[in-house]
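1. A predicted structure for the sequence below; I have some questions about it.
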Amino acid sequence: MDKVTQTSLSVSLATGLYGISFGALATAAGLELLPTMLLSLLMFSGASQFALVGVFASGGTALAAILSAWLMGIRNSFYALRLRSEIAPRGVMRLLAAQFTIDESNAVHAAQSDQKSAVRGFWLTGVGIYLLWNLATLAGALAGSALGSVEAWGLDAAAAAAFLGLLWPMLKGKLVLALVACGVGVALTPAFGSGTAILLTALVALVPRLVRS
């Protein structure tokens with residue numbers, strides 16, 4: 001098994017299994033099995049799904065839930081702007097590429113040293129996570145509260161660790177900027193919520209360019 005396949009499978013496993021948590025939380029928030037599965041099958045954006053369910057669980061309105069999910073998922077549109085020209089999907093593959101454009105598939109793509117490996121990494125990771133995420137969502141929804149705290153199993157940490165492992169090589173020479181961005185994100189989250197805070201944190205990357213200009 002080559003390195004690209006190994007990376008894609010490991011990221012898919014670490015991230016996909018976290019879908020158990022979403023399935024369990026969704027049913028605990030009052031969603032039935034069908035809408036829970038449709039969220040994973042059609043929305044397929046973990047952060048957006050958790051945001052939507054979180055708003056419902058706290059008694060929020062449908063509009064608030066939709067806006068929260070949108071704010072968390074809008075970053076995928078920025079990934080798509082870059083990936084479209086590099087992957088160059090055609091026909092129905094464009095729809096599939098849009099569906100599989102998430103944090104992890106983008107990160108695996110960016111971590112490769114050549115174009116062929118990057119494209120393979122994108123598709124393997126996207127398909128792998130999609131399959132495992134939906135199977136895990138089904139398992140979590142069916143098991144419900146019987147699973148207990150999914151965080152106690154370490155699945156949330158596994159997904160975060162896998163993503164950080166992909167990003168780490170790309171932080172060479174940018175570690176200070178990354179730490180500042182993290183600090184800004186943490187500081188803004190209580191006031192703006194995680195979705196808006198992430199978008200505002202992205203502006204930190206523009207500061208060095210503005211200073212040099």
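-> Yes, it's here.
2. nearest residue to Pro89 in space, please, no chain neighbours.
-> Excluding the flanking residues, the one nearest Pro89 by Cβ to Cβ, 6 or more residues apart in numbering is Ala97, at 4.1 Å. Using the backbone N, CA and C atoms, a C-beta is placed for each residue, glycine as well.
3. you'd agree Gln99 is up against Tyr130?
-> Yes - with contacts counted by Cβ atoms under 8 Å, Gln99 reaches Tyr130, the gap being 7.3 Å.
4. rewinding a little: gap between the residue nearest to Pro89 and Leu17?
-> Separation of Ala97 from Leu17 (Cβ to Cβ, to the nearest Å) stands at 24 Å.
5. that older thread, check contacts around the residue nearest to Pro89.
-> The neighbourhood of Ala97, defined by Cβ atoms under 8 Å, 6 or more residues apart in numbering, consists of Leu83, Arg84, Ile87, Pro89, Phe122, Gly126.
6. what pLDDT does the model give it?
-> You'll see Ala97 listed with a pLDDT of 91.
7. host element of it?
-> Using DSSP states H and E, Ala97 sits within helix 92-99.
8. what about the following helix or strand past that helix, distance to the chain center?
-> Later in the chain than helix 92-99, the nearest helix or strand by DSSP H and E is helix 103-110. The chain centroid and the centroid of helix 103-110 are separated by 10 Å under Cα atoms, centre = their mean, to the nearest Å.
9. got the angle between the next helix or strand after helix 103-110 and helix 92-99?
-> Per DSSP H and E, the first helix or strand lying C-terminal to helix 103-110 is helix 115-143. Following axes from the mean of the first three to the mean of the last three Cα atoms, to 10 degrees, one obtains 60 degrees for the angle between helix 115-143 and helix 92-99.
10. in helix 115-143, what counts as buried?
-> Across helix 115-143, burial judged by 16 or more other Cβ atoms under 10 Å covers 117-130, 132-138, 140-141.
11. check stretch 82-102 too.
-> Within stretch 82-102, the residues that qualify as buried are Leu83, Ile87, Pro89, Ala97, Gln99, Phe100, Thr101, Ile102, counting by 16+ other Cβ under 10 Å.
12. out of those residues, the closest to Lys172 would be?
-> Lys172 lies nearest to Leu83 out of the buried residues of stretch 82-102, by Cβ to Cβ, at 22.2 Å.
13. can you list contacts of the one helix or strand the closest one maps to?
-> Applying DSSP H and E as the criterion places Leu83 in helix 75-87. Contacts to helix 75-87, defined as Cβ under 8 Å, 6+ apart, come from residues 45, 97-98, 101-103, 106, 109, 115, 118-119, 122, 198-199, 202.
14. where does this protein have low pLDDT?
-> 58, 145-170, 193-196, 198-199, 209-213 (pLDDT under 70).
15. rerun at 90
-> 1-3, 14-32, 45-92, 103, 107, 110-111, 113, 140, 142-213 (pLDDT under 90).
16. quick one, domains of it?
-> Following automatic domain parsing, the chain resolves into domains at 3-171, 173-213.
17. most packed of the ones you listed?
-> domain 3-171 (a mean of 18; mean count of other Cβ atoms under 10 Å).
18. show me how far it is from its chain's centre.
-> Remark: domain 3-171 is offset 4 Å from the chain centroid, using Cα atoms, centre = their mean.
19. end-to-end on it?
-> Distance between the two ends of domain 3-171: 20 Å, counting by Cα to Cα, to the nearest Å.
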